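Colleague: quick one, structure for this:
(one chain, ligands or ions: 1)
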Amino acid sequence: MKKGWFSEFGQLWPGQTFSLECEEVLFQGKSPYQEVLAFRSKTYGNVLVLDGVIQATDRDEFAYQEMFAHLALCSHPDPKKVLVIGGGDGGILREIAKHQCVEEITICEIDQMVIDTAKKFLPEMAKGFDDPRVTLFMGDGCAYLEQKKNEYDVIIVDSSDPVDGGPAETLYAAPFYRHLKEALRPGGLVCTQAECQWIHLNIIAELIRFSRNLFSHVEYAYTTIPSYPCGQIGFLLASTGDSCKTPKRTIDESLNKYYNEEIHNASFVLPSFVRRAIYKD
Ligand code: AAT
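Modeller: Numbers count the residues shown, from 1 in each chain. The predicted structure is shown next:
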């Protein structure tokens, strides 16, 4: 590897890598769950990396956090209780906090080291923890959800990738989706990190296959984001109520850099090869 560069090698994107020039390593540690790295890059600001995989950069995180949070929350007519699983950098919390109608925001994150690292080196994301509606629970998202029935209007699963033996593996399996459904109030919906249409059609198709047995609408949307593999990442919206393809509410667009009503509608429009592969129709 070229000296002074970080390259993202991963089990889920064999044969390709994205690289950033690194100016300074800010933190390197090993938690009980994963290796945590923060570095200052030359052109993307500070970067958070878990087990060698980029989770967020200062420069483009808004494309992910805004789309994730607002696609989910604007698809619900009146979300009051919201749960986030993962998302330890706080960026999704920051976006949820823009919705005045939300009364309670709970976050269940597995790794305290991620939160501490974000608070120190990614303060623009971690400020999401400062909202008074936020309650933090430390633990595994799957175990947490098993205990919850009929509680939440919206659940956002901002999890890392389903790497073999990694902490997020259980969050991509059918039992977890059953727990998600049971934890929702009537009309509730979930939005999960659903990987990339260029390299993960098999993962997306499998998530859709088992979710369709549980939810009335299961729909895939995506955002562009240069620092994730192939420059894109998707979200699975699974609703017990109406389709999520058009927003039920608007948000003050001057608060956002990426999300708006038009891009909400556009983000569900998929290339033909993707539509065929994931919806099988
Ligand atoms: N918003 C940043 C993007 C992320 S963060 C993923 C978070 O999920 C991490 O903080 C990680 O510690 C947490 N996590 C992983 N497994 C679990 C679990 N079982 N329970 C609770 N939290 C968990 C996602 C980046 C996507 C990368 C795309 N290549």
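Colleague: same for the strand or helix carrying C142, what does it pack against?
Modeller: Taking DSSP states H and E as the criterion, C142 maps to helix 141-146. Applying 3 or more CB pairs under 8 Å, 6 or more residues apart in numbering; DSSP states H and E, one finds that helix 141-146 contacts strand 81-86, strand 104-109, helix 174-183. C-beta: built from backbone N, CA, C; applies to glycine.
Colleague: that helix vs the ligand: in contact?
Modeller: Yes: part of helix 141-146 sits near the ligand under the criterion CB under 6 Å from any ligand atom, namely G141, C142.
Colleague: strand partners of whichever helix or strand comes after that helix, parallel vs antiparallel please.
Modeller: Counting by DSSP H and E, the element after helix 141-146 in chain order, helix or strand, is strand 152-158. Sheet pairing of strand 152-158 (DSSP bridges) gives strand 81-86 (parallel), strand 184-193 (parallel).
Colleague: now do the helix or strand just after the last one against strand 184-193, angle only.
Modeller: Per DSSP H and E, the first helix or strand lying C-terminal to strand 184-193 is helix 201-211. Using axes from the mean of the first three to the mean of the last three CA atoms, to 10 degrees, one finds that helix 201-211 and strand 184-193 are set 170 degrees apart in direction.
Colleague: tell me how many other residues surround the residue in the stretch 51-200 of the chain that the ligand sits nearest to.
Modeller: In the stretch 51-200 of the chain, the residue that lies nearest the ligand is G86 (2.8 Å; CB to the nearest ligand atom). Neighbours of G86 under the rule other CB atoms under 10 Å: 24.
Colleague: the ligand contacts on the stretch 101-250 of the chain?
Modeller: Contact residues (CB under 6 Å from any ligand atom) of the stretch 101-250 of the chain with the ligand: 108-111, 114, 140-142, 158-161, 167-168, 170-171, 193, 228-229, 233.
Colleague: list the contacts of K248.
Modeller: By CB atoms under 8 Å, 6 or more residues apart in numbering, the contact list for K248 reads C74, S75, H76, P77, D242.
Colleague: give me that answer again for 10 Å
Modeller: Contact analysis of K248 by CB atoms under 10 Å, 6 or more residues apart in numbering lists L73, C74, S75, H76, P77, D78, P79, G241, D242.
Colleague: please compute how far the helix holding C142 lies from its chain's middle.
Modeller: Relative to its parent chain, helix 141-146 has a centroid offset of 17 Å by CA atoms, centre = their mean, to the nearest Å.
Colleague: and for stretch 264-277?
Modeller: Centre-to-centre, stretch 264-277 and its host chain are 19 Å apart (CA atoms, centre = their mean).
Colleague: cool, stretch 36-45 as well?
Modeller: Distance of stretch 36-45 from its chain centroid, counting by CA atoms, centre = their mean, is 20 Å.
Colleague: rewinding a little: so who does the residue of the stretch 51-200 of the chain closest to the ligand touch?
Modeller: Counting by CB under 10 Å, 6+ apart, G86 has contacts 55, 92, 107-111, 114, 141, 156-160, 167-168, 171, 192-193.
Colleague: thinking again about what came up before, nearest to F268, of the strands paired with strand 152-158?
Modeller: The closest of the strands paired with strand 152-158 to F268 is strand 184-193. By CB to CB, the value is 12.3 Å.
Colleague: pLDDT score assigned to T240?
Modeller: Looking at T240, its pLDDT stands at 98.
Colleague: need phi/psi at it.
Modeller: phi -90, psi -10 (degrees, to the nearest 10).
Colleague: does it touch I155 like I think?
Modeller: No: the criterion here is CB atoms under 10 Å, and T240 misses it with I155 at 11.1 Å.
Colleague: and the nearest residue to L214 once chain neighbours are set aside, how many neighbours?
Modeller: Computed as CB to CB, 6 or more residues apart in numbering, the closest residue to L214 that is not its neighbour in sequence is K181, at 4.7 Å. For K181, the neighbour count with other CB under 10 Å is 17.
Colleague: could you do G139 as well?
Modeller: 11.
Colleague: thank you kindly, that will do.
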